[in-house]
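[1] dropping a prediction and its sequence here:
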Amino acid sequence: MERLLSKILEKLSNTKAGWIFAFIFFVIAILLCIFGFFKTLFIIIFTMVGFFVGAFLFSDSGRFKRFLDRILPPGRFR
């Protein structure tokens, strides 16, 4: 988790953080206008969960293979 946060902070220090956050809040404002508060909150929460699960699983290819082996046992195709 710390590695992920340090990568994010490094990217923000190398770019124009004002433009990035302006774009993020613009998208959130559009979502609020279109869908309303609770639907937008639902979209944001599931987007964050998906990001963290994806970052956790794909940080190590062995971890992803073990995850797939638990869900889909190795068969004749693997």
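    That came in fine, so what should we check first? Numbering: from 1, shown residues only.

[2] and the pLDDT at the spatially most central residue of the chain?
    Closest residue to the average C-alpha location of the chain: residue 51 at 1.7 Å, with Cα atoms, centre = their mean. Residue 51 is assigned a pLDDT of 85 by the prediction.

[3] for residue 73, helix, strand, or coil?
    Assigned state for residue 73: coil (three-state reduction, DSSP: H, G, I helix; E, B strand; the rest coil).

[4] give me the low-pLDDT residue ranges for this structure?
    1, 12, 14-15, 75-78 (pLDDT under 70).

[5] mind naming the longest helix for it?
    The longest helix of the chain (DSSP state H) is helix 37-58.

[6] dump that one to CSV, keeping only the CA atoms.
    What follows is helix 37-58, C-alpha atoms only, in CSV (Å, rounded to 0.1, in the frame of the first residue of the first chain):
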residue,chain,number,x,y,z
PHE,A,37,-25.5,12.0,-4.8
PHE,A,38,-26.0,8.3,-3.8
LYS,A,39,-25.6,6.8,-7.2
THR,A,40,-22.4,8.9,-7.7
LEU,A,41,-21.2,7.7,-4.3
PHE,A,42,-21.9,4.1,-5.3
ILE,A,43,-19.9,4.6,-8.6
ILE,A,44,-17.0,6.1,-6.8
ILE,A,45,-16.8,3.5,-4.0
PHE,A,46,-16.9,0.6,-6.5
THR,A,47,-14.3,2.3,-8.7
MET,A,48,-12.0,2.6,-5.7
VAL,A,49,-12.6,-1.0,-4.6
GLY,A,50,-11.9,-2.2,-8.1
PHE,A,51,-8.7,-0.2,-8.3
PHE,A,52,-7.3,-1.5,-5.0
VAL,A,53,-8.3,-5.1,-5.8
GLY,A,54,-6.7,-4.8,-9.2
ALA,A,55,-3.5,-3.2,-7.8
PHE,A,56,-3.3,-6.0,-5.1
LEU,A,57,-3.8,-8.9,-7.5
PHE,A,58,-1.7,-7.7,-10.4
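
[7] state the distance from residue 42 to residue 34.
    13 Å (Cβ to Cβ, to the nearest Å). (Glycine included, C-beta is placed from N, CA and C.)
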